[in-house]
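1. what would the 3D arrangement of this be:
(one chain, ligands or ions: 1)
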Amino acid sequence: WPPADPTEPSPDADNGTTVTHPNGTSQRLPQIVIIGVRKGGTRALIEMLSLHSSVAAAQNEVHFFDWESHYQKGIPWYLSQMPYAFPEQLTVEKTPAYFTSSKVPKPTERVLSDYTQVFYNRLQKHKRYQPIEYVLVRDGDINLGYKALNRSLYYVHMQNWLQYFPLDSIHVVDGDELIRDPLPEMKKVERFLKLEPQINASNFYFNKTKGFYCLREHGKERCLHDSKGRAHPHVAPAIYPRKLKLTFQSCTSHLFNI
Ligand SMILES: Nc1ncnc2c1ncn2[C@@H]1O[C@H](COP(=O)(O)OS(=O)(=O)O)[C@@H](OP(=O)(O)O)[C@H]1O
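-> Residues are numbered from 1 along each chain as shown. Predicted coordinates for the structure are as follows:
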């Protein structure tokens, strides 16, 4: 399907939530949002979900709810970032940064507020505050100010999402399983989204060179970009203090309790 063209004029449909193309496709706000977690396999998930004929995915990360400069552009801009989809298709976008952004889970008020304000308030463009890069361990203790570490505190971030979204509207994909054996994980996603079962074993093949599963669609094979599945640097075990391991353990158990 033709990707969203940001140079096109803003949509002016009645409610601002659909733009129709002559071939019967339209841009619609996403029914599915992959909120994270960063480096958790979100690109693999959205590409694998796109194998389903009832799914149309936004190609790029949209960063609508977490980047003030995008958010200020309003719903019409968000809509313009969406793929053209046939009526029976679900639209999906993925922005892993949503998961850890404290303001994002509270969408209704923000969206309504934006909807009324956006035409009147385009004056200010804020640049995101760039956090200082912290190190993993500081003074022998865990540095929770280190972003990469903080993002891993799933329990903390999930609490925030659960304040505004019922648990049954959230599906957790196991990123390790998505790497090890993607098909069962994708079948669970299909079931959660109530999609007709369609993704099957022939959609995946293991690529020995890449060391990951790649995708096969209509006879065409493709792997994820080279930036996905890179070798990780070796970290000396001494850098992990005991406390760090305990923190991860407790987070994991909370996540499983959800
Ligand atoms: N099939 C397949 N092919 C390649 N990579 C795969 C696949 N399935 C999951 N992964 C894992 O996805 C990790 C990147 O996660 P994200 O796409 O969420 O990263 S990002 O936050 O959008 O940058 C990426 O992390 P790295 O291994 O560190 O590159 C992969 O481990």
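
2. for the ligand, what are the nearby residues on the stretch 1-150 of the chain?
-> Proximity of the stretch 1-150 of the chain to the ligand (C-beta under 6 Å from any ligand atom) is limited to residues 38-44, 96. The way it works is simple: take the backbone N, C-alpha and C, and place the C-beta from them, glycine included.

3. again, only using 8 Å
-> 36-45, 48, 61, 94, 96 (C-beta under 8 Å from any ligand atom).

4. widest-spaced pair of these?
-> Largest separation among these by C-beta to C-beta: 38 and 48, giving 17.8 Å.

5. flag the shaky bits of the protein, pLDDT-wise.
-> Applying pLDDT under 70 to the chain flags residues 1-19, 107-144, 146, 148-149, 233-258.

6. which stretches in it count as strands?
-> Per DSSP state E, the chain has strands spanning 18-20, 26-28, 32-34, 55-57, 84-85, 90-94, 137-138, 141-142, 204-207, 212-217, 220-222. These are given in chain order.

7. now for the second one, which elements pack on it?
-> Contact here means 3 or more C-beta pairs under 8 Å, 6 or more residues apart in numbering; DSSP states H and E; on that basis strand 26-28 packs against strand 18-20, helix 74-80, strand 84-85.

8. so which of these is the most surrounded?
-> Of the helices and strands packed on strand 26-28, the one with the most neighbours on average (mean count of other C-beta atoms under 10 Å) is strand 84-85, at a mean of 22.

9. closest to residue 201 out of the helices and strands packed on strand 26-28?
-> Across the helices and strands packed on strand 26-28 (criterion: C-beta to C-beta), the nearest stretch is strand 84-85, sitting at 26.2 Å.

10. counting contacts, what elements does that closest one pack onto?
-> By 3+ C-beta pairs under 8 Å, 6+ apart, strand 84-85 packs against strand 26-28.

11. give me the sheet partners of the strand it packs on and which way each runs.
-> strand 18-20 (antiparallel), strand 84-85 (antiparallel) (DSSP bridges).

12. in contact with the closest residue to residue 98 other than its chain neighbours, which residues?
-> Excluding the flanking residues, the one nearest residue 98 by C-beta to C-beta, 6 or more residues apart in numbering is residue 35, at 4.1 Å. Taking C-beta atoms under 8 Å, 6 or more residues apart in numbering, we find residue 35 in contact with 95-96, 98-99, 104, 161.
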